[in-house]
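model this:
(chains A and B)
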Amino acid sequence: MKVPGLLGATWILLRKDLLLEWRSRSRINALIFFSLATLLLFSFALGPDTALLRRGAGGYLWLAVLLASVLSLGESFRVERENASLEGLRLVPAPARAIFLSKALANAVLLLGLAMVLVPVLVAILDVRVVLPLPTLLEILVLGALAIAAPGTLHGAIASHARARDVLLPLLLFPILIPALVAAAKSTALVFDGDPMGQVDSWLGLLGSFDLLYWALGFALFPRVIEE
Amino acid sequence: MSAPVALDVQDVSKRFGAHWALARLSFQLPRGGALLLTGHNGSGKTTLLRLIATSLQPSSGKLTVLGLDAATAQEEIRARVGLLSHAHFLYEDLSALENLEVLARLLGRPASAARDAVARVRLDPRDDRPVRFYSAGMRKRLALSRLFLKAPALALLDEPFGELDPEGIADVEGAVTELRAAGITLVLATHQIRQGQGLCDQRLHLETGRSVSA
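Model (predicted):
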């Protein structure tokens, strides 16, 4: 057997990251309940105006995913800080970019799963309907999860060096996610309300471009971020 | 003719903020040699090992490891150096075998090599308990098995006798003897001088980052 290249190492590390997520299922449950509580709080805060709640459903979905992502991203680097496992990986030496790709993909899978759990809940509690085809909704969820995962992984690695890491991560992450959040919320709203003007493709284009930019930035910068 | 040099440390210093962890340290270690690195807690032993492993970069000075410049050839050095650290580099939610299998796959070794490495330190490869349920001594043995799996040209052992019972200490002594017999260059950092002395042929004592005897 020969030493795996970038893709081989990414696959090995992705399996490890997903196995670690599976082993800590209580954390996944906590993430789901946190997001459900966030959705319920939005609906209580806005009152009984069901039309208003329905109009904002796309935004509530992505805000709930975004707030939960801070917990999951922080956790994914806590696991690596414990016993200096990240340093151990670098000394193997596992390629730094494979570490980025595997972590970002594992985070994206987790956020996508979370979003897929929350959509039926939105349908149930806000009485929204999925008007556009389901593959369009799935495309939005995938692109939205990827949009949070790549910059989240990069900034999670930066924040993990800091003492106030739990505060630093959202401070770094939230401002740069605004374009992705707007695009994901708007396109999800179109899935729920209908898209007579054919705008969903433009929002998907914006979301896809954001993904390309931040996955490329993460890929390029991650090695510098994790070296002391 | 003198033996080729495995480790060439020239005027190396390392600063963390305003604190100098190492100050203008110089020494050489021949290939196949074994250096006992002694000193109190905070004397700079761990910093020196992390510099050699290229986890850290020197603030000044020149460090050559196995003929490679530590400033420019980090990946090549990492592929040939093994570090047994305080931190163990283990994932708490994975079993001993799962931890070693990740390493084995990254090194391009078969899964059987991971099983052999776990068994070699007298742990059970079939034990599927997560490492978080292991005692300190079991973790140390598992960390040692990472070193056996990697089979490095230069092994760096940071406090290998800590957290171990007499049987565990004998295991580590046996492992060090095996590594030496295999021609692997060794740096062993400890403040338990008695245990390390018989295993090494060279000694460097550090006090607040400076060498006071060699």
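
From here on, just use CA atoms for contacts and neighbour counts.
Fine.

what residue lies at the spatial centre of chain B?
In chain B, the centroid-proximal residue (CA atoms, centre = their mean) is residue B:156; its distance is 2.2 Å.

Which residues of chain B lie near chain A?
Residues of chain B found near chain A (CA under 8 Å from any CA of the partner chain) are B:53, B:55-57, B:75, B:78-79, B:82, B:87-91, B:93-94, B:102-103, B:105-110.

sorry, back to before: tell me the helix or strand right after the host helix or strand of the residue nearest to the centre of chain B.
For residue B:156, the host element (DSSP states H and E) is strand B:154-158. For strand B:154-158, the succeeding helix or strand toward the C-terminus, using DSSP H and E, is helix B:166-181.

Off-centre distance for that following helix?
Relative to its chain's centre, helix B:166-181 lies at 13 Å (CA atoms, centre = their mean, to the nearest Å).

Same check on stretch A:201-221?
13 Å.

about what we covered before: I only care about the residues of chain B next to chain A that end up buried; give me the ChimeraX line for that.
Buried residues within these, by 16 or more other CA atoms under 10 Å in any protein chain shown, are selected in ChimeraX with:
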select /B:53,55,56,57,75,78,79,82,87,88,89,90,91,93,94,102,103,105,106,107,108,109
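
can you pull out the helices in chain A?
Here chain A has its helices, by DSSP state H, at A:6-23, A:25-46, A:50-55, A:57-81, A:85-90, A:96-126, A:134-160, A:165-176, A:178-193, A:200-226.

Residues contacting stretch A:214-228, please?
A:96-97, A:100-101, A:147, A:150-151, A:153-154, A:157-158, B:55-57 (CA atoms under 8 Å, 6 or more residues apart in numbering or on different chains).

List the residues that contact residue B:60.
B:11-14.

Out of those, the closest to chain A would be?
residue B:14 (12.5 Å; CA to the nearest CA).

Show me which residues of chain A sit near chain B.
Checking chain A against chain B by CA under 8 Å from any CA, the hits are A:1-4, A:9, A:12-13, A:16, A:20, A:23-24, A:79-80, A:82-94, A:227-228.

Now list the buried members of the residues you listed.
A:4, A:9, A:12-13, A:16, A:20, A:79-80, A:83-94.

returning to what we had before: make sure the residue nearest to the centre of chain B is actually in contact with residue B:187.
Yes. With contacts counted by CA atoms under 8 Å, residue B:156 reaches residue B:187, the gap being 4.9 Å.

And the closest residue to residue A:74 other than its chain neighbours, how close does it get to chain B?
The shortest distance from residue A:74 to any non-neighbouring residue, by CA to CA, 6 or more residues apart in numbering or on different chains, is to residue A:156 (6.1 Å). Distance, residue A:156 to chain B, using CA to the nearest CA, to the nearest Å: 19 Å.

Over to residue A:178?
For residue A:178, the distance to chain B - CA to the nearest CA - is 34 Å.

for the closest residue to residue A:144 other than its chain neighbours, what are its contacts?
Counting by CA to CA, 6+ apart, residue A:184 is the residue found nearest to residue A:144 once chain neighbours are left out, at 5.8 Å. Neighbour list for residue A:184: A:58-59, A:62, A:140-141, A:144, A:203-204, A:207 [criterion: CA under 8 Å, 6+ apart].

Starting from chain B, give me the distance back to residue A:184.
Counting by CA to the nearest CA - residue A:184 and chain B are separated by 34 Å.

same deal with residue A:111?
On the measure of CA to the nearest CA, residue A:111 and chain B end up 21 Å apart.

Measure how buried the residue nearest to that residue when sequence neighbours are not counted is and give me the count.
Spatial nearest neighbour of residue A:111, excluding adjacent residues (CA to CA, 6+ apart): residue A:145 at 5.5 Å. Residue A:145 has 29 neighbouring residues, counting by other CA atoms under 10 Å in any protein chain shown.

Would you agree residue A:145 is in contact with residue A:106?
No. Taking contacts as CA under 8 Å, residue A:145 lies outside contact range of residue A:106: 10.5 Å.

Direction included, what does the worst-scoring helix or strand of chain B on mean pLDDT pair against?
Of all the helices and strands that make up chain B, strand B:210-213 has the lowest average by mean pLDDT, DSSP states H and E, namely a mean of 71. In the sheet, strand B:210-213 lines up against strand B:202-207 (antiparallel) (DSSP bridges).
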